[in-house]
Each structure stands twice: as C-alpha cells, then as structure tokens.
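**Q** model the structure of this input:
(2 chains)
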Amino acid sequence: MAFSPENPLSVEPEIETSHVDEFVEQLRCVTDSLPSRINIDAQSVEQGLAKLVLTLIEFIRRLLEKQAVRRMEGGDLSPEQIEELGLALMGLEAKLQELKSQFGLTDEDLNLDLGPIGRLI
Amino acid sequence: MKLYAYCLTQGLDALDHSPPGISDAKVSLLKHEELGVLVSGLEIDAVPVTPEHALTHAAVVRSVLDRTTPLPFRFGTVVGEQQLKNYLTARKAALQTQLKHVHGCVEMNVKIIQQVQNDEAAPRPEDRPQGPGTAFLAEKRREIIGDERKADQAAELSTLVHEAVDGLIKDEQVTLRPSERLVFAAAHLVERSTVQAYREKVSEAVKRRPELHFLVSGPWPPYSFANIELEFLTQFGVT
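**A** Prediction:
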C-alpha cells in the first residue's frame, strides 16, 4: 500500500520486545547520563579541559599497551625487556589513575561518544 | 517573543489539529515559501530537559506524521521568527534535499542487548608471570583478546540485522558498543509501504537468534536522519 495523503499508513508506533525490563534499565542508563543543564563556571571548564586531555592520554596509553602486547606476542622481546616494558606501562596506568582522582573523574568519564562511530575507547 | 521550533515540513498547507506545545502554548505552522515549520511561542529563553518537555516535543512532531514526513529539529531549538526565516532562505536547497531524502519514509529502530559472557582468553603457559611487569602485560593481552572477540560478535550482529532488512531500507545509522550490554542500535529509514515487510523480516531474525534480546520499535519521525543544523545559527549568529 503506497503512502499518500489520501491513503495514509497508520503511524502509531509499536514497541516489540520480550525483555521490557532489561531495555528500560539500559535506556534509563542513557537518560541518567544526560545533564539536565550545563553549568558554565570556572571549575567545570577546568574539569572539562582535564577530562579532554586525560581522555586523549588514556587513548594513547591503550595504544601503547596494544603495541607492547603485539611485540610481546611477536617474540622479538627478551623476558627482561617484557618485564621492563610491563613495569613502565604499570607506572603510566598508576599515574593516570592518580590524575583522575585529583580531578574527580572515573574510568567512564574518560571516553568520548563519537555518535554512530561509537566510543573513542 | 521567541519561537520553539519542532519540525520542518514541505507540502503542508495548514494544521488540522495539534497537541499543545511546550508550556501548553498553541502550535502553529509558520510558512516560508514552500517550507513550513511547526512552532509555538515561548516566554523563556531555554527549555529545560525534562521527560514532559521531551514527550511534548515528540507528540507535536508525530502529529503531522500521518500527513507528511517532517524533519524534526533538535530538542530545545529556540529562535526568533526573523532568524528562522533567514535560516530557511539560506539553507533552502539543503533542507529540500534532506526532505526529499526522507519523503514517504519513517524511522524504525532495532536494539539488541547481549548477555554477559565470561569468555576472556585463558592464560597461556608462557604467560605465567615471572615478575609484576610481565604479569601486567599478560593480563592486558587477555583483555585485548576479549575486546576483539566482543567487537567481532558486535559486527556479526550488525551483519545479521543488515542482511535481514536488506532491500527494505533507504538509509541506516548503526551504533555498535561491543563492551556494553546494549551492544547494537540501528535506525533504519523505511518507505511507509514496506514497514510491514520490514517488521516481518526483523521478526524472522529475532526467531533465528533466541539467545539475543531484541527491541523493535517504530514507526517514528526520522529523528536519526534529520541533521538540521539550526544550532549553527544560534551558536555563531549567522543570520
């Protein structure tokens, strides 16, 4: 049946699922994360900037981890080098954790929603 | 007085009826050349994000869906009348192209929740830690393999849904979140005449994969395909 002003299709939305509670819970998580309003003050701007910078550092840190694991699996590192690399990355993770605490940020805060592309991390 | 803008239309000469707008204001059709915008007067400068306001916005947009396919404005779009007219004049060609793209269509949504799985890669014998640094990297390796497996599973879900509705959709917006429970969300632009066929095809996919939890909804106005950049005007004052 083709749509036309003389022959409109019913547009009453229908929602079909056998798992209502699960979807309500997930969608509530989304709506809870939306701010009711955005406060623009010196402190929130500072925290926003810290969040952006730390997100980028976290992104690079994860790339370094992947590269380290790839090299470890490639077999081109000696056991001593693996240990040294692991300790360096451990230190980096601990330092980032410390910075997150200082700015009151959580792991979930250090991410960027890129819309249809997904999340940065 | 400012105007709250709900959606853009073409080919709509008058409003038969409309639910009340934000703050119970009367909704009217502001005509400008071939285009029309559903608006209501607003005494305040900004509309707070509340469930009531969001539902009011959605009800007004949906009220014309049985007569035409509107392009919804972003929630909270507040403009002056002249500013809106300037925008319609400046962006007329792009807006008409977008209206043509969604003409005769509605938006259908598919969401999938995945069950929690403990399928992280088992440690290999050579991963046995010799020191804290090596143990750290061995743990990271397990995490990375687990993430890659989840990404593959999410991509497989995307293929499953896409193949089910292939030929029945005009456009799609897909969001994959491999590490979250709500792993897949798709918005499909569907011709009204094929909505029933679309539902049947998705139902078949749902039956084929009983272990997955699906939510199928619609028809909705094409929110995911509107892409109206009115905020550009209000942000930068280009009038």
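**Q** packing partners for whichever helix in chain A runs longest?
**A** As assigned by DSSP state H, the longest helix anywhere in chain A is helix A:42-74. Judged by 3 or more CB pairs under 8 Å, 6 or more residues apart in numbering or on different chains; DSSP states H and E, the packing partners of helix A:42-74 are helix A:79-102, helix B:132-165. Just so you know, the C-beta spots here come from the backbone N, C-alpha and C atoms, and that holds for glycine as well.
**Q** show me what counts as buried in that helix.
**A** Within helix A:42-74, the residues scored as buried using 16 or more other CB atoms under 10 Å in any protein chain shown are A:50-51, A:54-55, A:58, A:61-62, A:65-66, A:68-69, A:72.
**Q** reformat the residues you listed as a markdown table; add pLDDT.
**A** Below are the buried residues of helix A:42-74 laid out as a markdown table (pLDDT from 0 to 100):
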| residue | pLDDT |
| --- | --- |
| A:50 | 86 |
| A:51 | 87 |
| A:54 | 90 |
| A:55 | 90 |
| A:58 | 90 |
| A:61 | 91 |
| A:62 | 90 |
| A:65 | 93 |
| A:66 | 91 |
| A:68 | 93 |
| A:69 | 92 |
| A:72 | 90 |
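**Q** follow-up on the earlier one: from the helices and strands packed on helix A:42-74, which stretch is densest packed?
**A** Neighbour counts (mean count of other CB atoms under 10 Å in any protein chain shown) averaged over each of those peak at helix B:132-165, with a mean of 17.
**Q** indicate the residue of chain B located nearest to chain A.
**A** Nearest residue of chain B to chain A: residue B:133, at 2.8 Å (CB to the nearest CB).
**Q** pLDDT wise, what is that residue at?
**A** Note for residue B:133: predicted pLDDT of 92.
**Q** now swap in the one 3 residues further on and tell me
**A** In this model, residue B:136 is scored at 93, pLDDT.
**Q** who's in contact with the nearest residue to it once chain neighbours are set aside?
**A** Take residue B:136 and drop its neighbours on the chain: the residue closest to it by CB to CB, 6 or more residues apart in numbering or on different chains is residue A:86, 4.3 Å away. Residues in contact with residue A:86 (CB atoms under 8 Å, 6 or more residues apart in numbering or on different chains) are A:68, B:131-137.
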